[in-house]
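Asker: Mind looking at a prediction? Sequence and model below.
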Amino acid sequence: MDDRHMQIGEVAARTELSLRTIRHYEETGLVIPSARSQGGFRLYTETDVARLMVIRRMKPLGFTLDQMRDLLDATDRLDGDAALDTAERDALLQRVRTYHQAAAEQVGKLRTQLARAEDFATTLATRLHQTAPSTGAQHGGGTS
């Protein structure tokens, strides 16, 4: 990925996360800035942004910070330069599969909730349309 460094404000804009949230993820060890400027400002790379996007996508699915950390550890190790033996690679892939299954189940639950919410909104819209006064009744219905 690109080695260009970005300050936290640009990262916040790209990820649609607040500065406070990004700093919180740093404090919890989920994302550590790749570098610091001479003035001490946090500097991030595209890899850091990609990591923040994984976290951002996991959050609404109800994953905990520990689960996020565990998945990121597994993917970091799978993507790392170190050679993994077959058993270790299989164990890491199984961890990723477990998170994939949990994410798919949560997406299904969210789809059901969304369908119910859409049905409710449609019911309300129908009710408003049925009980709205007719145009003629609003204006007295007579001619001048």
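Answerer: Everything's here; your move.
Asker: tell me the SS of the spatially most central residue of the chain?
Answerer: Centroid check for the chain by CA atoms, centre = their mean gives Arg57 as the closest residue, at 2.3 Å. Assigned by DSSP: H, G, I helix; E, B strand; the rest coil, the conformation of Arg57 is helix.
Asker: Give me the pLDDT for it.
Answerer: If you check Arg57, the pLDDT there is 96.
Asker: Ok, Ala83 next?
Answerer: 88.
Asker: Gln138 now?
Answerer: With respect to pLDDT, Gln138 has a value of 52.
Asker: swap in Leu65?
Answerer: At Leu65, pLDDT is 95.
Asker: Same question for Ser144.
Answerer: Note for Ser144: predicted pLDDT of 47.
Asker: likewise Gly141?
Answerer: 49.
Asker: Can you name every helix or strand that the lengthiest helix in the chain contacts?
Answerer: Ordering each helix of the chain by length in residues (DSSP state H) puts helix 86-131 first. Packing partners of helix 86-131 (3 or more CB pairs under 8 Å, 6 or more residues apart in numbering; DSSP states H and E): helix 65-79. No exception for glycine: its C-beta is placed from N, CA and C like everyone else's.
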